[in-house]
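# predicted model and sequence below, questions to follow.
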Amino acid sequence: MSNTGTPVLLSLGSNVGDSVSNILAAIDALQTQGAVANVTLSRWYRTEPVGYADQPMFVNVAVAATTVLPAVELVQACKHVERFVGRTLTERWRQREIDVDVILVGDVIVNDGDVCVPHPRMHERMFVLQPANDVAPMMIHPGLGKSVQQLMNDCADSAAVECFDPNTA
């Protein structure tokens, strides 16, 4: 894949098994399968779970990249990679081996029931916004007309989002 393509922002998280390895395997698979190119990885974060608190802390990162895929196909590719890395189906907001969410795809808006881009709750979640701000602070949410940095500054989420070094953790 060349340097051309649509800018994309992905959020990856894991709290089952070796979370760092799960995330790195997902990023590698996304690149190998041609879903994304020109990857920039955020810092690594430990974050509190949302929706169901009685589970381990998550490890989260954001990826800024480019894609030549339409948004719906990118979402499908991310779901395929989740299965490839070993995600098992659980109840919503429960622990998971890997979660790969498409947050933004350029200025595209898709809401067809199965696929929602931009991610419908991105602006409410600091575990998405803090890593995203590392790699794409000026990327604009096409529905809200605000940058990732503005969304992060406006976010009322007080859940813990702590940076860490995966090489020394």
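Arrived safely.
# just the helices in the protein please.
Taking DSSP state H, the helices of the chain run over residues 19-32, 71-85, 126-135, 148-154.
# report the buried residues of the second one.
What that stands for is helix 71-85. By neighbour count on 16 or more other Cβ atoms under 10 Å, the buried set for helix 71-85 is A71, V72, L74, V75, Q76, A77, C78, V81, E82, V85. The way it works is simple: take the backbone N, C-alpha and C, and place the C-beta from them, glycine included.
# who touches that helix?
Outside of helix 71-85, the residues that reach it under the criterion Cβ atoms under 8 Å, 6 or more residues apart in numbering are 8, 10, 22, 25-26, 29-30, 33, 35-36, 67, 69, 97-102, 105, 108, 110, 112, 115, 117.
# what stretches of the chain score poorly on pLDDT?
Along the chain, the model assigns pLDDT under 70 to residues 1-3, 51-52, 90-94, 169.
# returning to what we had before: could you dump the buried residues of helix 71-85 to JSON lines with distance to S14?
Conversion of those to JSON lines gives the following (distance: Cβ to Cβ, whole Å):
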{"residue": "A71", "distance to S14": "23"}
{"residue": "V72", "distance to S14": "24"}
{"residue": "L74", "distance to S14": "20"}
{"residue": "V75", "distance to S14": "18"}
{"residue": "Q76", "distance to S14": "20"}
{"residue": "A77", "distance to S14": "18"}
{"residue": "C78", "distance to S14": "14"}
{"residue": "V81", "distance to S14": "12"}
{"residue": "E82", "distance to S14": "10"}
{"residue": "V85", "distance to S14": "9"}
